[in-house]
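# coords please:
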Amino acid sequence: MEIIELTSPLTPWQTADILALMPELDATITFTPEMLQAAVADPATHQFAVVEDGHIIGTASLCVSHSPTGRKGGIEDVVVSSAFRGRHLGRLLMEHIIGYARRELAPIELHLTSRPFRESANRLYRAVGFRPYETNVYKLPID
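Next up is the predicted model:
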């Protein structure tokens, strides 16, 4: 098992593996190969993958932005295949991203959101050092 940063262009097998994982994150969202390629090609996005036996079994994005109050990193779309859960791969992936941010991007403030019903994910985020932040989250889809 290894954790790698994906680079553009994604290979066909990388694309297929990630597309197969995404419904485990949220079955209601549409994901396309073009969306994945755009994310990996974006220099402000770092797409990390857990690879085992030549297959991506987990993935997460670190999206970096700059604002007047400092550099921010949003951790998005964290998912590990249900067939591989219980092996602490989510924790290894999060620790890898945090270590990358410390080595390559500091100073930076990392953010993430997680739905309350994702209890194990919320326990994981607290375990690796994230703390709940009292705020409102708003969403405005623009098609």
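# Pull out the CA atoms of the longest strand along the chain and give them to me as PDB.
Counting residues, the longest strand found in the chain (DSSP state E) is strand 55-67. The C-alpha trace of strand 55-67 is given here as PDB (Å, rounded to 0.1, in the frame of the first residue of the first chain):
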ATOM      1  CA  HIS A  55      -5.800  -0.100  -7.700                       C
ATOM      2  CA  ILE A  56      -6.900   3.100  -6.100                       C
ATOM      3  CA  ILE A  57      -8.800   2.200  -3.000                       C
ATOM      4  CA  GLY A  58      -9.000   5.600  -1.400                       C
ATOM      5  CA  THR A  59      -8.700   9.200  -2.400                       C
ATOM      6  CA  ALA A  60      -8.900  12.800  -1.100                       C
ATOM      7  CA  SER A  61      -8.400  16.300  -2.500                       C
ATOM      8  CA  LEU A  62      -6.500  19.200  -1.000                       C
ATOM      9  CA  CYS A  63      -7.600  22.400  -2.600                       C
ATOM     10  CA  VAL A  64      -5.400  25.400  -1.800                       C
ATOM     11  CA  SER A  65      -6.500  29.000  -2.000                       C
ATOM     12  CA  HIS A  66      -5.100  32.300  -0.900                       C
ATOM     13  CA  SER A  67      -7.100  35.100   0.800                       C
END
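# Next secondary structure after it?
strand 70-80 (DSSP states H and E).
# Off-centre distance for that next one?
On the basis of C-alpha atoms, centre = their mean, to the nearest Å, strand 70-80 sits 6 Å off its chain's mean C-alpha point.
# How about stretch 39-51?
9 Å.
# What average pLDDT does that stretch get?
The average of the pLDDT scores along stretch 39-51 is 98.
# Same question for stretch 91-99.
Stretch 91-99 comes out at a mean pLDDT of 98.
# how close does Thr32 get to Ala39?
Separation of Thr32 from Ala39 (C-beta to C-beta, to the nearest Å): 11 Å. All C-beta atoms are positioned from the backbone trio N, CA, C, and that covers glycine.
# right, I mislabeled it, should have said Met1
For Met1 relative to Ala39 (C-beta to C-beta), the value is 23 Å.
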